[in-house]
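Give me a 3D structure for the following:
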Amino acid sequence: MKTSEIREHTVDELKDRVIALRKELFDLQIQKATFKLENVSEIRKKRKLIAQIKTIIKEKGLQNA
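The predicted structure follows:
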């Protein structure tokens, strides 16, 4: 997901997306612990996406203030 695509969403949609991504990240970490995860780089990608979304949420909050 590109940054420009993320910016098109509302803050509430982005917060819901962060919650969903955290659940996916948790599932990936469980799979890694049980040696069922084939592509370990997915964990890093999810963490990076969560950070990007949280940064944009913060930016939008500062713009409204």
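
thinking residue 56 is in contact with residue 8, fair?
No. At 10.2 Å, residue 56 and residue 8 do not qualify as touching, with contact defined as C-beta atoms under 8 Å. To be clear about C-beta, it is placed using only N, CA and C from the backbone, and glycine gets the same treatment.

Which of these two has more residues huddled nearby?
Per other C-beta atoms under 10 Å, whichever of residue 56 and residue 8 has more neighbours is residue 56, with 16 against 8.

Let me know the pLDDT of the more buried one.
The per-residue pLDDT reported for residue 56 equals 96.

Skip the chain neighbours and tell me the closest residue to it.
Once flanking residues are discounted, residue 56 sits nearest to residue 6: 5.4 Å by C-beta to C-beta, 6 or more residues apart in numbering.

what helix or strand does the one you found sit in?
Element membership for residue 6, per DSSP states H and E: helix 3-7.

Which elements pack onto the helix or strand just after that helix?
The C-terminal neighbour of helix 3-7 among helices and strands, as given by DSSP H and E, is helix 11-33. The contact analysis (3 or more C-beta pairs under 8 Å, 6 or more residues apart in numbering; DSSP states H and E) places helix 11-33 against helix 41-64.

Could you pull out the buried residues of the helix it packs on?
43, 46, 49, 50, 53, 56, 57 (16 or more other C-beta atoms under 10 Å).

The fifth one and residue 9: what is the separation?
What that stands for is residue 53. Residue 53 sits at a distance of 9 Å from residue 9 (criterion: C-beta to C-beta, to the nearest Å).

got any residues that touch both of the two?
residue 17 (C-beta atoms under 8 Å, 6 or more residues apart in numbering).

Residue 25 is in contact with residue 48, isn't it?
No. Judged on C-beta under 8 Å, residue 25 makes no contact with residue 48 at a distance of 10.7 Å.

And the pLDDT for residue 4?
Per-residue pLDDT puts residue 4 at 92.

How about the helix-or-strand element of the chain with minimal mean pLDDT, which residues are buried there?
Using mean pLDDT, DSSP states H and E, helix 3-7 stands out as the lowest-scoring helix or strand of the chain, at a mean of 92. Using 16+ other C-beta under 10 Å as the test for burial, helix 3-7 gives residue 6.
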